[in-house]
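**Q** next comes the sequence, and after it the predicted model I'd like to discuss.
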Amino acid sequence: MTHPHKKGRTISDLPTEVLDIILTKLPFVDTIRSSAVCSSWNSATTQAPLCPQTPWLMLPSDQEHDFATRRFFNLAENKVYKMKNVFEGLGDDVWCVGSSHGWLVILDDEANPHLFNPFSRVQIQLPLFTNELANVNNLRKSFITKAILLADPSRSNDFVVVMIYDYDFASRLAFYKQGDKTWTKLVGANQDYCDIICHDNQLYALADNRSVEVWEFQSSPTKIMSIEPSILPKDVEKFPRNNNISTKFYLVKTSNDDVLFIERFIGNFVNAQGLVVDESYLLSSDDTQPLVCPYRTKMFFVFKLDFKQKRWEKMESLKDQSVFLGGNQSMSVSSHVFSECKPNSVCFTDDRWYEMDLDNLYGGHDLGLFNLDDESIKPFYPSDLEKIDPPPFWITPNPW
């Protein structure tokens, strides 16, 4: 008895529902490789939801005068990938002012703003800043404190970009909705803002008085919540606050939906022994040139928002959470899900952009991993660079 000939099946014949399950579990690098298997896999990878990823660290080239290359440190693999000509056509001095949804908000050589995905190389021109908003001389490194996206432009035709900008000695909010011709000041946003994040397509904004606002952007921007939590004096007196210490505030939504306020303490002058010193220490009567003691982070305090009591509660532990802070959208992941991340820790990068060029050795060094267990700070990435400039940026990779 003979059997009818059966045509051989190939990997491209894999049922769509099975392929979707596979793709939603693949890390970023394997997703890119899968898209090159065949046309059906390429099409499927662009449609399937991305598997949750750990952030990558974007770094400048390790070669002097190589402005076109960026390195990307993958925590999961403990491996560095090099990308050449990343910002081709945008100039040799591209400056990043934000990162979210796998996209960067950048300023080109002429301080023109763009959205840019360094992995797909897709670029979206944003409106120029008007004279009303900007002091052109300070555009590149001090005008914008941070910029974020409220949706992924590769998956949404209705995305919004929000930025904190400095105007008239205050930090205000402005936004751009896709299709707009200009940036618009956020009416009703009257605080002095420190940080912004996106959660469930809503904007969360942290002000310098530690208050939190939540905004909807479904039609016109609407403030749907404003809360000014109290904080116990005993919880903020455990670290010296004086002219030798600067602080920065961050807002974080954890992977288990807690809202965190994080205070970062930075020694303005830190000597070779790791001690915070007074500025007078830098120049003694025997010195012809002042010492250069760079600024360095020394401590973090973490607070959780108790919505019911309207109070920031001091946390002694982040438990399984690993937080990533800097010029990026502040984020937190669970070390139970991502074993390569350290639990109860804060990975931070240098975001004092306006001070990086005061002296060649003063800025561009402040990154590390803070452990809440023992309050130690250790490097998470070994660098031979005398100065990391432009500063490193956390970015969650997005292939599209």
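**A** Done, it's in.
**Q** who does Thr297 bridge with?
**A** Ile266 (DSSP bridges).
**Q** if I look at the most centrally placed residue in the chain, how far off is Phe169?
**A** In the chain, the residue lying closest to the centroid (Cα atoms, centre = their mean) is Asn328, at 1.2 Å. Taking Cβ to Cβ, to the nearest Å as the measure, Asn328 falls 26 Å from Phe169. Heads up, the C-betas are built off the backbone N, CA and C, glycines and all.
**Q** tell me the contacts of Val346?
**A** Ile262, Phe300, Val302, Leu318, Ser322, Val323, Phe324, Leu325, Leu369, Phe370, Leu372 (Cβ atoms under 8 Å, 6 or more residues apart in numbering).
**Q** could those go into CSV alongside pLDDT?
**A** Below are the contacts of Val346 laid out as CSV (pLDDT from 0 to 100):
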residue, pLDDT
Ile262, 97
Phe300, 97
Val302, 97
Leu318, 97
Ser322, 97
Val323, 98
Phe324, 98
Leu325, 98
Leu369, 97
Phe370, 98
Leu372, 97
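**Q** out of those, which comes closest to Gly188?
**A** When the contacts of Val346 are ranked by distance to Gly188 (Cβ to Cβ), Ile262 comes first, at 25.5 Å.
**Q** tally of neighbours for the closest residue to the closest one other than its chain neighbours?
**A** Spatially, and ignoring its direct neighbours in sequence, Ile262 is nearest to Tyr250 (4.4 Å; Cβ to Cβ, 6 or more residues apart in numbering). Tyr250 has 23 neighbouring residues, counting by other Cβ atoms under 10 Å.
**Q** repeat for Ala174
**A** Neighbourhood size, Ala174 [other Cβ under 10 Å]: 21.
**Q** and it, what's its pLDDT?
**A** Per-residue pLDDT puts Ala174 at 95.
**Q** mind listing what's buried along the helix or strand harbouring it?
**A** Element membership for Ala174 (DSSP states H and E) is strand 170-177. Neighbour-count burial for strand 170-177 flags Ser171, Arg172, Leu173, Ala174, Phe175, Tyr176, Lys177 (criterion: 16 or more other Cβ atoms under 10 Å).
**Q** remind me what that strand packs against, helices and strands.
**A** With contacts defined as 3 or more Cβ pairs under 8 Å, 6 or more residues apart in numbering; DSSP states H and E, the packing partners of strand 170-177 are strand 160-167, strand 184-185, strand 193-199.
**Q** and the contacts of Val346, which is closest to Asp208?
**A** Ile262 (13.9 Å).
**Q** the closest one is in contact with Gln321, isn't it?
**A** No: counting by Cβ atoms under 8 Å, Ile262 does not reach Gln321; the two are 11.1 Å apart.
**Q** quick one, what contacts the closest residue to Ser335 other than its chain neighbours?
**A** Closest residue in space to Ser335, ignoring its immediate chain neighbours: Pro343 at 4.0 Å, by Cβ to Cβ, 6+ apart. Residues in contact with Pro343 (Cβ under 8 Å, 6+ apart) are Leu318, Lys319, Asp320, Gln321, Ser322, Ser335.
**Q** so where is the chain shaky, pLDDT-wise?
**A** For the chain, the stretches with pLDDT under 70 are 1-13, 19-51, 131-140, 284-290.
**Q** still on that earlier bit, distance check, the residue nearest to Ile262 against Glu110.
**A** Applying Cβ to Cβ, the value for Tyr250 to Glu110 is 30 Å.
**Q** cool, and Ser156?
**A** Ser156 is 28 Å from Glu110, by Cβ to Cβ.
**Q** what of Arg241?
**A** Relative to Glu110, Arg241 is positioned 40 Å away (Cβ to Cβ).
**Q** which of the helices or strands spans the residue nearest to Ser335?
**A** Pro343 belongs to no helix or strand, assigned by DSSP H and E.
**Q** and Leu358, by the same measure?
**A** Of the helices and strands defined by DSSP H and E, none includes Leu358.
**Q** burial count for it?
**A** Neighbours of Leu358 (other Cβ under 10 Å): 13.
**Q** repeat for the one 5 residues further on
**A** Look at Gly363: counted by other Cβ under 10 Å, it has 21 neighbours.
**Q** wait, it sits on Glu355?
**A** Yes: contact criterion Cβ under 8 Å: Gly363 and Glu355 qualify, at 5.0 Å.
**Q** overlap in contacts, those two.
**A** In contact with both Gly363 and Glu355: Tyr295, using Cβ under 8 Å, 6+ apart.
**Q** now Phe324. Its backbone dihedrals?
**A** phi -120, psi 120 (degrees, to the nearest 10).
**Q** I'd like the distance between it and Met315.
**A** The spacing between Phe324 and Met315, counted by Cβ to Cβ, is 17 Å.
**Q** between these two, which is the more surrounded one?
**A** Phe324 (24 against 19).
**Q** now, which of the contacts of Pro343 sits nearest Leu90?
**A** Nearest member of those to Leu90, counting by Cβ to Cβ, is Ser322, at 31.9 Å.
**Q** which residues sit in contact with the closest residue to the closest one other than its chain neighbours?
**A** Nearest residue to Ser322, sequence neighbours excluded (Cβ to Cβ, 6+ apart): Cys341, at 3.8 Å. Contact analysis of Cys341 by Cβ under 8 Å, 6+ apart lists Thr54, Leu75, Ser322, Val333, Ser334, Ser335.
**Q** who does the third one bridge with?
**A** Under the criterion DSSP bridges, Ser322 forms beta bridges with Val333, Ser345.
**Q** just checking, Glu17 is part of a helix?
**A** Yes: per DSSP: H, G, I helix; E, B strand; the rest coil, Glu17 lies within a helix segment.
**Q** distance check, it against Asn344.
**A** In this view, Glu17 and Asn344 are 39 Å apart by Cβ to Cβ.
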